[in-house]
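Undergrad: below are the sequence and a predicted model for it; my questions follow.
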Amino acid sequence: MSISIAIMAAGLGTRMKSTLPKVLHEISGFEMLYHIIKESQKISDDIHVILYHQADLVQEKMNRYFSGIHYVIQDHQNFPGTGGAIRGVVPKYEKLLVLNGDMPLLEAENMQNFTHLEADVVMSAFTCKEPFGYGRVIMDSHQNVLKIIEEKDASVEEKKVTAVNAGVYLFKSDFLKENLPKLSNENSQKEYYITDLIALANAQNKMVKALFVDENTFMGVNSKYHLSIAEELMQERIKRRFMEQGVSMRLPSTIYIEADVQMSGECKLENGVSLLKGTVLENAHIKAHSVVQKSVIKNSDIGPMARIRPDSLIEDTHIGNFVEVKKSTLKGVKAGHLSYLGDASIDEGTNIGCGTITCNYDGKAKYQTIIGKNVFVGSDSQLVAPVTIADDVLIASGTTVTKNIPKGALAINRAPLKIMEGFFYKFFGKNHA
């Protein structure tokens with residue numbers, strides 16, 4: 001951890017067409033800025049995040065995940081622009097890596113590559129087939145950067161250059177300390193540009209090297225369209241890693257997995273599955289179009305078309321189609337179809353019949369349903385919490401359970417069946433078709 005990192009996250013992001021700061025838009029379940037800080041922490045313990053637009057909100061969100069981050073508020077009035085953004089950064093180490101808060105696909109390895117080149121400045125570049133609109137990176141044969149020139153200022157020959165600026169830089173801290181005060185805002189935007197440091201370095205015969213990078217990895221997200229592209233790229237990365245670790249996926253392009261999901265053992269995901277934030281799978285089979293969120297699934301199969309809501313623990317259990325589980329613990333249970341199990345604890349050998357629901361909410365508070373071992377819950381039963389059903393209990397179909405049931409008992413409260421002969425004709429008339 002011998003480099004400092006500055007992440008520029010001060011921009012308004014007007015092209016996002018949103019009141020939410022650009023860096024707080026989510027990719028695979030987490031804010032773009034979260035992904036960058038998380039990867040940065042793998043190579044540095046000195047991370048500075050530069051804020052301006054809705055700075056308090058951005059800092060509040062990131063404080064939920066991270067501690068020890070240095071937040072710098074840009075003096076946007078006196079020092080606008082990318083060069084002005086890093087003026088307030090005081091790096092701990094001899095080199096400072098400058099990143100952009102809208103590059104969620106960067107990984108620690110990509111950042112570390114900048115340190116492999118020995119230079120006063122290392123800047124990122126990629127080859128672009130259609131470079132129109134980009135700043136061109138003019139280099140010699142040894143990839144020493146001679147200058148960066150904007151499209152509007154480029155000559156005919158310079159416009160043919162396909163190497164363009166990717167926007168990430170590694171500076172020697174002493175060079176920044178000396179040259180940041182020399183930046184000028186004498187330009188049409190009246191801003192201080194970080195790219196002007198390249199010209200200053202060359203004027204002082206400092207070494208400036210180009211590091212060629214992958215365009216997709218270094219893509220900046222500037223619109224909702226870009227956001228969708230970045231999402232697809234990250235999803236492809238996440239799923240490829242899991243499949244290489246042994247997870248089976250049917251039609252992986254239809255599957256969605258958020259960034260902190262964990263899977264181990266023999267796991268199988270069918271088409272249309274969504275695994276949301278906080279999910280942990282171990283030897284689990286998640287069937288088509290099921291959703292699992294912030295829950296632990298072990299040695300179990302789920303779905304198809306089931307929903308496991310947060311804070312559930314499901315072990316050695318079969319959950320069938322159209323079953324919803326919320327904040328419940330199920331161990332060795334069968335719940336085949338069309339049930340809602342919320343705020344429940346259900347023990348091994350228990351069967352939950354079709355249409356069973358735990359009535360866990362009275363309009364003010366949530367209550368627990370506790371079901372023991374080897375309980376048979378008949379179809380269309382309502383379990384009104386708080387209620388405890390002991391081991392070895394039978395609950396007849398259509399029963400509404402409103403009090404505790406002792407071990408070995410049968411619970412039944414159906415109304416007697418009445419058959420009124422001829423009532424159909426009396427109600428509709430004898431000529432009813």
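TA: Noted; the coordinates are in hand.
Undergrad: now do the helices in the stretch 101-250 of the chain.
TA: Ranges of helices in the stretch 101-250 of the chain, per DSSP state H, counting those that start in this stretch, are 108-112, 156-159, 173-179, 196-203, 224-244.
Undergrad: between those helices, which one is closest to P80.
TA: Judged by CB to CB, the one of those that comes nearest to P80 is helix 196-203, at 13.6 Å. For the C-beta atoms, the positions are set from N, CA and C on the backbone; glycine is no exception.
Undergrad: can I get that closest one in PDB, CA atoms only?
TA: Presented in PDB, the C-alpha positions along helix 196-203 are these (Å, rounded to 0.1, in the frame of the first residue of the first chain):
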ATOM      1  CA  ASP A 196      -2.700  20.800 -18.500                       C
ATOM      2  CA  LEU A 197      -0.300  19.000 -16.100                       C
ATOM      3  CA  ILE A 198       0.900  16.900 -19.000                       C
ATOM      4  CA  ALA A 199       2.100  20.100 -20.800                       C
ATOM      5  CA  LEU A 200       3.700  21.400 -17.600                       C
ATOM      6  CA  ALA A 201       5.500  18.100 -17.200                       C
ATOM      7  CA  ASN A 202       6.900  18.100 -20.700                       C
ATOM      8  CA  ALA A 203       8.000  21.700 -20.400                       C
END
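Undergrad: buried deepest among the helices of the stretch 101-250 of the chain, which one?
TA: Among the helices of the stretch 101-250 of the chain, helix 196-203 has the highest mean neighbour count (mean count of other CB atoms under 10 Å), at a mean of 19.
Undergrad: can you name the residues in contact with that helix?
TA: When contacts are defined by CB atoms under 8 Å, 6 or more residues apart in numbering, helix 196-203 is touched by residues 83, 120-121, 123, 145-148, 169, 171, 175-176, 179-180, 182-184, 207-208.
Undergrad: in strands only, show me the residues you listed.
TA: Using DSSP state E, the subset of those located in strands is V121, M123, V145, L146, K147, I148, Y169, F171, V208.
Undergrad: ok, which pair from those is furthest apart?
TA: Among those, the pair separated by the greatest distance (CB to CB) is L146 and F171, at 17.6 Å.
Undergrad: those two: who's more crowded?
TA: The residue with more neighbours, out of L146 and F171, is F171; 29 against 13, by other CB atoms under 10 Å.
Undergrad: so the more buried one touches V89, yeah?
TA: No: with contact defined as CB atoms under 8 Å, F171 does not count as touching V89 (10.3 Å).
Undergrad: shared neighbours of the two, anything?
TA: With CB under 8 Å, 6+ apart as the test, F171 and V89 both reach L96.
Undergrad: just the buried ones from the ones in strands among the contacts of helix 196-203, in ChimeraX syntax?
TA: In ChimeraX, a selection of the buried entries from the ones in strands among the contacts of helix 196-203 looks like this (16 or more other CB atoms under 10 Å):
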select :121,123,145,148,169,171,208
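Undergrad: F30: which of the ones in strands among the contacts of helix 196-203 is nearest?
TA: If you rank the ones in strands among the contacts of helix 196-203 by distance to F30 using CB to CB, Y169 comes first, at 25.0 Å.
Undergrad: show me the beta-bridge partners of the closest one.
TA: With DSSP bridges as the criterion, Y169 is bridged to V98, M123.
Undergrad: give the contact list for it.
TA: The contact partners of Y169, by CB under 8 Å, 6+ apart, come to L97, V98, V121, V122, M123, S124, I194, L197.
Undergrad: from the ones in strands among the contacts of helix 196-203, pick the one nearest F242.
TA: Nearest to F242 among the ones in strands among the contacts of helix 196-203, with distances taken as CB to CB, is Y169, at 33.2 Å.
Undergrad: quick one: low-confidence residue ranges for the chain.
TA: By pLDDT under 70, the low-scoring segments of the chain are 1, 432-433.
Undergrad: quick one, phi/psi of the spatially most central residue of it?
TA: With distances taken as CA atoms, centre = their mean, G29 lies nearest the centre of the chain, 2.2 Å away. Dihedral pair for G29: phi 90, psi -10, per degrees, to the nearest 10.
Undergrad: give the closest residue to K17 in space, chain neighbours not counted.
TA: Taking CB to CB, 6 or more residues apart in numbering, and ignoring the residues beside it in sequence, K17 has K224 as its nearest neighbour in space, at 7.0 Å.
Undergrad: for that neighbour, what are its contacts?
TA: The contact partners of K224, by CB under 8 Å, 6+ apart, come to M16, K17, S18.
Undergrad: filter those to the buried ones?
TA: Among those, the ones that count as buried by 16+ other CB under 10 Å are M16.
Undergrad: for the residue nearest to the centre of the chain, what are its contacts?
TA: Each residue near G29 by CB under 8 Å, 6+ apart is listed here: E258, A259, D260, L276, K277.
Undergrad: repeat for N187
TA: N187 makes contacts with Y193, as judged by CB under 8 Å, 6+ apart.
Undergrad: hang on, the earlier thing: which one of the contacts of G29 sits closest to V377?
TA: The shortest approach to V377 among these belongs to L276, at 28.2 Å (CB to CB).
Undergrad: count the residues that sit near the closest one.
TA: Neighbours around L276, by other CB under 10 Å: 20.
Undergrad: what do you get for K294?
TA: Neighbours around K294, by other CB under 10 Å: 18.
Undergrad: ok, now H337?
TA: Neighbours around H337, by other CB under 10 Å: 17.
Undergrad: chain neighbours aside, what residue packs nearest to T82?
TA: Per CB to CB, 6+ apart, closest to T82 is I194, 4.0 Å.
Undergrad: also G88?
TA: V72 (4.4 Å).
Undergrad: need the contact list for the one you found.
TA: For V72, counting by CB under 8 Å, 6+ apart, the contacting residues are A6, H48, V49, I50, L51, G88, V89.
Undergrad: top of the residues you listed by neighbour count?
TA: When neighbours are taken as other CB under 10 Å, the top entry among these is V49 (27 neighbours).
Undergrad: three-state assignment of the residue nearest to it when sequence neighbours are not counted?
TA: Distances taken as CB to CB, 6+ apart put I7 closest to V49, at 4.9 Å, once the chain neighbours are dropped. For I7, the assignment made with DSSP: H, G, I helix; E, B strand; the rest coil gives strand.
Undergrad: ok, how many other residues are close to I7?
TA: Other residues within reach of I7, judged by other CB under 10 Å, total 27.
Undergrad: do you know how far it is from I69?
TA: Distance of I7 to I69, computed by CB to CB, to the nearest Å: 9 Å.
Undergrad: confirm the residue nearest to G88 sits in a helix?
TA: No: per three-state DSSP, V72 lies outside any helix segment and is strand.
Undergrad: which strand residues bridge it?
TA: I50.
Undergrad: many thanks, I have nothing further to ask.
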